[in-house]
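> Any chance you can model this:
(one chain, ligands or ions: 2)
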Amino acid sequence: MGVILEPLLWCIKYRPKNWDEFVGQESTISHLKSFAESNTLPNMIFYGPTGTGKTSAADVFSKAILGSSLEANFKSLNIRDIWFMSLTDAKRTVQDLAKLGREERSELEEYMSIVYREANDALKLKGRTSPPNRSQLLQEAIRFFASTSTVTDEKIKILVLDEADALSHSMQQALRRTMELYSDACRFILITPSLSGWSPAIISRCSVLKFPQLTEEEIVAHIMDIAKKENVTLEPDAGPAIARESEGDLRRAINLLQIIATNDSNVTEDDVYTYSETTLNRTTREIVSLTIDGSYQDARKMMR
Ligand SMILES: Nc1ncnc2c1ncn2[C@@H]1O[C@H](COP(=O)(O)OP(=O)(O)OP(=O)(O)O)[C@@H](O)[C@H]1O
Ligand SMILES: [Mg+2]
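Ligands and ions are numbered 1, 2, ... in the order given. I've put the predicted structure just below:
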């Protein structure tokens with residue numbers, strides 16, 4: 001089986017580009033729509049399990065609010081990506097990066113090279129001689145975009161912090177201060193799987209919007225729609241099987257459909273179980289737990 005390149009991934013091709021393209025999430029989408037229509041832009045937290053439309057909704061909402069000034073006044077930072085970025089990479093200058101080909105440098109690397117210098121200069125001003133550490137860099141990455149003035153007539157900017165659950169407690173405190181300090185110029189959309197671990201001080205400053213797991217019916221309807229557009233035949237039991245295997249995660253459902261359809265444009269229920277990672281994972285989990293529980297014979301039966 002060949003690797004499917006990113007632009008050809010159906011979950012990217014069918015990423016919602018406007019409110020009508022969202023599946024489920026009616027109450028959340030209607031809140032966001034009315035915020036956008038009344039030009040209301042609070043700080044927000046989007047929370048819910050993976051593959052339910054959080055990042056897509058942040059994009060569509062920001063586009064609805066900022067319109068043509070989106071490019072200048074919108075930024076999305078993935079907190080985990082920044083946290084795990086190597087300091088050596090972050091340290092590269094804009095000139096170093098310019099020497100690399102367009103394909104070899106990412107937008108985040110370019111941004112972090114500016115952030116590194118800002119953080120370094122700020123430390124020098126305070127009389128420190130050591131270079132910025134990871135958490136100083138992350139704080140500066142957030143502060144830098146929030147603090148720079150808007151380029152266009154638009155008065156407000158939007159900063160999306162994706163995978164914001166990776167912020168430690170002390171970084172959450174720093175974020176709260178940044179949110180307050182730049183509240184005239186920048187609004188934040190924080191994206192996280194759940195609210196646990198979040199400081200009440202941050203939660204109380206945000207409109208909190210929940211993205212619940214999608215239902216099997218919603219997933220089946222969406223999968224059937226994509227199958228039709230892609231000329232894939234879904235046998236009657238295959239759609240519900242994909243929905244069950246993907247456990248409310250629409251990205252996983254679309255990926256599973258695409259992987260199966262790449263091999264055979266007639267998708268059967270059996271194909272779903274053959275290609276589904278969850279079934280394999282679940283079987284492994286069952287074997288392990290049977291072994292731990294002492295039912296070694298039963299575990300052996302499953303392994304055969
Ligand atoms: N509610 C939805 N309506 C339509 N498509 C969706 C929805 N949720 C997810 N998808 C599909 O799944 C893909 C991933 O969605 P998205 O990135 O918005 O999810 P997420 O909630 O941010 O997930 P994660 O927590 O893993 O980042 C989208 O590109 C889209 O194809
Ligand atoms: Mg996301």
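
> Doesn't Leu77 lie inside a strand?
Yes - under DSSP: H, G, I helix; E, B strand; the rest coil, Leu77 falls within a strand.

> Confirm for me that it is in contact with Leu161.
Yes - using C-beta atoms under 8 Å, Leu77 is in contact with Leu161, at 5.8 Å. Using the backbone N, CA and C atoms, a C-beta is placed for each residue, glycine as well.

> quick one, which of these two is more surrounded?
Ranked by neighbour count (other C-beta atoms under 10 Å), Leu77 and Leu161 place Leu161 first, with 24 against 21.

> Can you confirm whether the helix or strand the more buried one falls within lies near ligand 1?
Assigned by DSSP states H and E, Leu161 falls within strand 157-162. No - counting by C-beta under 6 Å from any ligand atom, ligand 1 has no neighbours in strand 157-162; the shortest distance is 6.7 Å.

> tell me the contacts of the residue nearest to the spatial centre of the chain?
When C-alpha atoms, centre = their mean is applied to the chain, the residue found nearest the centroid is Thr55 (4.9 Å). Counting by C-beta atoms under 8 Å, 6 or more residues apart in numbering, Thr55 makes contact with Ser76, Val160, Asp162, Ile191.

> List buried residues within those residues.
Ser76, Val160, Asp162, Ile191 (16 or more other C-beta atoms under 10 Å).

> Adjacent strands (with direction) for the host helix or strand of the last one?
Using DSSP H and E, Ile191 falls within strand 186-192. According to DSSP bridges, the neighbouring strands of strand 186-192, each with its direction, are strand 44-47 (parallel), strand 157-162 (parallel).

> okay, the longest one in CSV with CA atoms only?
Output in CSV follows, covering the C-alpha atoms of strand 157-162 (Å, rounded to 0.1, in the frame of the first residue of the first chain):
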residue,chain,number,x,y,z
LYS,A,157,-6.1,40.0,16.0
ILE,A,158,-6.9,36.4,16.7
LEU,A,159,-4.3,34.0,18.2
VAL,A,160,-5.3,30.3,18.2
LEU,A,161,-3.3,28.2,20.7
ASP,A,162,-3.8,24.6,19.5
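
> Next, report how far that strand is displaced from the centre of its chain.
Offset of strand 157-162 from its chain centre (C-alpha atoms, centre = their mean, to the nearest Å): 12 Å.

> Please consider this matter closed, and thank you.
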